[in-house]
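dropping a prediction and its sequence here:
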Amino acid sequence: MFDKVLIANRGEIACRVIRTCKRLGVRTVAVYSEADADAMHVAMADEAYHIGGAAAADSYLRGNAIIEVAEQSGALAIHPGYGFLSENAGFARTCADVGLIFVGPPAKAIEAMGSKSAAKAIMEAAKVPLVPGYHGEDQDDAILAEAAERIGYPVLLKASAGGGGKGMRVVERASAFADALASARRESKAAFGDSHMLVEKYLTRPRHVEVQVFADTHGGCVHLFERDCSIQRRHQKVIEEAPAPGMTPELRRKMGEAAVNAAKAIGYVGAGTVEFLLDEDGSFYFMEMNTRLQVEHPVTEMITGQDLVEWQLRVAEGGHLPLSQDELGVDGHSMEARIYAEDPDRNFLPATGTLRRLRFPVEEPHVRVETGVREGDEVSIYYDPMIAKLVVWGEDRNAAVRLLRQALGEVKIAGLSTNVDFLASVAGHPAFMEGDVTTRFIEQHQAELLPEKGKASARVLALAALHVLVKRGDEARQAAAASADPHSPWAQTDGWRLNDDNHHELYFIDDGEEVCVTVHYRGDGYLLEVPQGEGRAAAELRAAGETDHNGDLLADVDGVRIKAVVSQHADELTIILHGSSHRLAVFDPAMRAAGQEAGTGRLTAPMPGKVVAVMVKEGQKVEQGVQLLVLEAMKMEHTITAPADGTVAAIHFAAGDQVDDGAELLSFEVVEE
Ligand code: MV4
């Protein structure tokens with residue numbers, strides 16, 4: 001086994017590879033960008049080298065800098081992980097040229113799979129089933145139109161240089177073909193610099209079923225069964241599972257055989273994935289081959305009991321495959337949910353910020369968390385916003401679904417938006433639980449999966465109020481303990497008053513609206529008057545609570561004991577209950593006294609981005625609607641304007657600064673009427 005391996009990646013996959021290396025006694029070299037100087041993978045590695053700026057192009061994509069570190073550190077092999085340089089044939093070739101082992105396939109195999117039409121030609125020769133269609137070199141309009149007629153509408157136009165759903169166009173009927181072809185060609189030329197088109201029969205409800213293959217340098221090649229990755233949103237996988245629901249032994253054998261033939265056809269070595277479209281009638285068709293270890297490889301590891309990174313290292317150093325095909329089997333069922341920093345309520349806008357709270361289920365053999373971040377780390381705009389992969393195993397699919405739902409309910413993340421609630425709604429959807437999964441699942445069940453978040457429930461508001469009260473109590477007790485007179489009656493915060501129902505108002509902003517919870521002090525806790533929306537009487541809830549050693553809120557609301565994670569940063573509150581989270585802002589009525597409408601005192605970034613222009617100066621008086629600052633995010637410009645006539649009290653960022661979601665951009669003082 002290698003003495004030392006360089007991991008040319010970051011985040012969860014870098015940590016995952018390092019973990020296997022440690023188990024095998026292989027020393028590890030990490031590389032990191034300036035944004036990752038304090039990252040988890042750097043801390044885990046035996047050695048770490050800075051290779052450049054935050055942007056991937058200035059660091060993780062700098063092949064030469066990475067090779068220099070390998071030579072300098074004495075690493076014998078480079079593990080590329082996935083993404084970045086993992087499917088860069090030039091990098092694989094340069095590694096070989098300088099005597100470094102690239103833990104992956106030969107450069108020629110990467111190149112062979114780089115073009116859809118070339119890949120399909122190779123697969124056709126290897127008798128791997130293809131979708132009925134045309135992928136020839138002759139791109140004459142008439143040839144393509146003739147192919148579409150022969151296939152039968154609807155057909156799918158695909159850019160040969162495309163991938164991941166980019167450059168695809170459905171054509172429903174012959175009369176639309178010519179325009180669609182012209183438009184698809186223009187789009188492909190612009191996006192990929194190539195207008196080569198394939199024409200295929202359009203499968204209306206396909207599943208994405210992929211087969212893990214593994215080949216060594218001695219002609220050995222096996223498959224490690226299939227994964228169903230149909231639960232995708234905009235070609236981003238959301239939940240993956242192995243084995244595929246409803247798979248029959250015969251179909252598994254046929255798909256496995258086709259995948260092995262595909263790998264052998266290109267002289268493959270190492271871990272690879274052959275992606276198929278599985279039609280409703282059980283037909284399957286080659287889609288593409290990924291020449292890297294996939295994000296979702298853990299579900300295959302869980303049902304086969306194999307460590308695929310160990311297989312990669314053993315094969316890369318010239319070893320034989322650890323097991324033969326007959327020695328491999330499917331045991332149980334595994335699922336993986338990808339936890340992302342994104343906001344499903346804002347069209348899955350990527351989220352950035354600080355992971356103020358990051359709690360995962362307790363890990364045990366059947367619950368595995370793959371992550372590259374720790375509580376307190378930043379999620380930046382530079383890299384893929386995946387926070388973690390939650391992987392579970394059950395003895396059958398129902399058990400796996402139950403465990404996935406349970407484990408998702410134990411994920412507590414505060415400080416930025418995540419998709420955890422969305423994942424829980426997918427895992428809990430009846431169609432998913434019955435295994436009725438196709439690539440159109442999310443589109444088909446969108447309304448149920450992404451309901452309007454709506455207003456906070458009475459219970460959530462009660463917990464928010466309880467959090468504020470308990471926090472104040474803790475702070476007062478700490479102040480009293482530190483004061484000269486710890487037992488002073490003024491230090492009491494239980495609100496006790498002789499002959500009076502002492503009460504207090506707490507204000508929150510929920511989904512842009514001001515909400516007031518009235519707190520009545522009662523000996524053993526509080527009586528809370530919690531609004532329930534237009535025209536409904538406030539709910540009266542008895543509540544008491546305390547914080548546990550983790551800082552979690554142990555509450556009793558109307559006799560129901562609830563454990564909630566309530567994370568507060570500045571005036572942002574995140575209340576996380578089992579399986580759902582809600583964000584509120586604590587609102588200080590004094591802001592309104594100064595003529596501020598809720599929230600207008602603080603002009604905050606509606607999303608993470610970069611300040612591109614500041615049009616005002618501190619102290620400047622402006623009228624309502626005057627442009628103050630422009631933010632660029634998601635390739636769009638957002639202009640922050642004056643919410644009322646007033647004065648720019650302070651400007652907190654300059655042009656060029658990156659800002660987190662919710663960051664206060666300017667302080668603004670409204671002119672009193
Ligand atoms: C298809 C298809 C239907 N019919 N090809 C999407 C990206 C690329 N991997 C191929 N894709 C598709 N090709 C034919 N002939 C539907 C898709 C497709 C899809 C495939 C797998 C997983 C998710 C998908 C989402 C939308 C469309």
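Now that the structure is in, tell me what you want to look at.

which residues does residue 547 contact?
470-471, 474, 553-554 (CB atoms under 8 Å, 6 or more residues apart in numbering). Placement of C-beta: from N, CA and C, glycine included.

next, count neighbours for the closest residue to residue 572 other than its chain neighbours.
Using CB to CB, 6 or more residues apart in numbering and skipping residues adjacent in sequence, the residue nearest residue 572 is residue 585, 5.9 Å away. A count of nearby residues for residue 585, using other CB atoms under 10 Å, gives 20.

residue 512 is in contact with residue 585, correct?
No: counting by CB atoms under 8 Å, residue 585 does not reach residue 512; the two are 9.5 Å apart.

next, format the contacts of residue 547 as JSON lines and append distance to the ligand.
Shown next, in JSON lines, are these (distance: CB to the nearest ligand atom, whole Å):
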{"residue": "470", "distance to the ligand": "47"}
{"residue": "471", "distance to the ligand": "46"}
{"residue": "474", "distance to the ligand": "49"}
{"residue": "553", "distance to the ligand": "41"}
{"residue": "554", "distance to the ligand": "43"}
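
filter those residues down to just the ones in helices.
470-471, 474 (DSSP state H).

got a quick ChimeraX command for the buried subset of these?
Selection of buried members from the ones in helices among the contacts of residue 547 for ChimeraX, criterion 16 or more other CB atoms under 10 Å:
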select :470
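
report the contact partners of residue 402.
residue 394.

so which strand or helix has it?
Using DSSP states H and E, residue 402 sits in helix 397-409.

hmm, who's touching the very next helix or strand once past that helix?
Next in sequence after helix 397-409, counting helices and strands by DSSP H and E, comes strand 412-414. By CB under 8 Å, 6+ apart, the list of residues contacting strand 412-414 from outside reads 339, 355-359, 387, 420, 565, 567, 569, 574, 576, 581.

could you flag which of those are buried?
339, 355-358, 387, 420, 565, 567, 574, 576, 581.

which strand runs longest in this structure?
Counting residues, the longest strand found in the chain (DSSP state E) is strand 221-233.

tell me if that one is near the ligand.
Yes: using CB under 6 Å from any ligand atom, strand 221-233 reaches the ligand at residue 232.

what number of residues lie near residue 663?
Residue 663 has 19 nearby residues by other CB under 10 Å.

and it, how far from residue 588?
Residue 663 sits 19 Å away from residue 588, going by CB to CB, to the nearest Å.

OK, contacts around residue 347?
No contacts exist for residue 347 under CB under 8 Å, 6+ apart.

same check, this time on residue 370
Contacts of residue 370 by CB under 8 Å, 6+ apart are 12-13, 15-16, 298, 388-389, 391.

just curious, which of those is nearest to the ligand?
Ranked by distance to the ligand (CB to the nearest ligand atom), the contacts of residue 370 are led by residue 389 at 18.4 Å.

surely that closest one touches residue 369?
Yes: Residue 389 is in contact with residue 369 according to CB under 8 Å; the separation is 7.4 Å.

the two: which is more packed in?
Shown here are residue 389 and residue 369; by other CB under 10 Å, residue 389 has more neighbours (22 against 16).

so residue 92, which of the three states?
Three-state call for residue 92 (DSSP: H, G, I helix; E, B strand; the rest coil): helix.

hang on, the earlier thing: what mean pLDDT does the longest strand of the chain have?
Per-residue pLDDT values over strand 221-233 give a mean of 98.

pairing partners for it, with directions?
strand 207-215 (antiparallel), strand 236-242 (antiparallel) (DSSP bridges).

mean confidence for the longest one?
Right, the one you point to is strand 207-215. Averaging pLDDT residue by residue across strand 207-215 gives 98.

on that earlier part again, might you report the residue contacts of the residue nearest to residue 572?
Residue 585 neighbours (CB under 8 Å, 6+ apart): 508-509, 571-573, 599.

for residue 455, same thing?
510-511, 513, 515, 533.

number of residues surrounding residue 119?
23.

tell me the contacts of it?
Residue 119 neighbours (CB under 8 Å, 6+ apart): 112-113, 286, 288-289.

surely it is in a helix?
Yes: counting by three-state DSSP, residue 119 is part of a helix.

if I look at it, how far off is residue 319?
Taken as CB to CB, the span from residue 119 to residue 319 is 28 Å.

do the same with residue 361
Residue 361 is 35 Å from residue 319, by CB to CB.

the two: which is more packed in?
residue 361 (18 against 15).

nearest residue to that one in space, please, no chain neighbours.
Residue 361 sits nearest to residue 410 (CB to CB, 6+ apart), 4.0 Å away.

okay, residue 501: pLDDT?
59.

please identify which residue in the stretch 301-450 of the chain comes closest to the ligand.
For the stretch 301-450 of the chain, CB to the nearest ligand atom, closest residue to the ligand: residue 439, 3.6 Å.

which residues are in contact with that residue?
With CB under 8 Å, 6+ apart, residue 439 has these contacts: 205-208, 230, 232.

in stretch 126-146, what's buried?
126, 128-131, 133-136, 144-145.

got it, and stretch 657-670?
658-663, 665-666, 668-670.

who are the packing partners of the helix or strand containing residue 338?
Per DSSP H and E: residue 338 is located in strand 333-340. Counting contacts by 3 or more CB pairs under 8 Å, 6 or more residues apart in numbering; DSSP states H and E, strand 333-340 packs against strand 236-242, helix 297-304, strand 386-394, helix 397-409, helix 420-427.

the next helix or strand after it - contacts with which helices or strands?
Toward the C-terminus, strand 333-340 is succeeded by strand 342-343 as the next helix or strand (DSSP H and E). Counting contacts by 3+ CB pairs under 8 Å, 6+ apart, strand 342-343 packs against strand 349-350.

report the strands that pair with the strand it packs on, each with its relative direction.
strand 342-343 (antiparallel).

average model confidence for the strand it pairs with?
92.

repeat for stretch 35-44
98.

residues from the stretch 251-400 of the chain in reach of the ligand?
277, 287-288.

so which of those is the most crowded?
residue 287 leads those on contacts (other CB under 10 Å) with 22 neighbours.

quick check: that one vs residue 272, distance?
14 Å.

including pLDDT, could the ones in helices among the contacts of residue 547 go into CSV?
Output for the ones in helices among the contacts of residue 547, formatted as CSV (pLDDT from 0 to 100):
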residue, pLDDT
470, 92
471, 89
474, 83
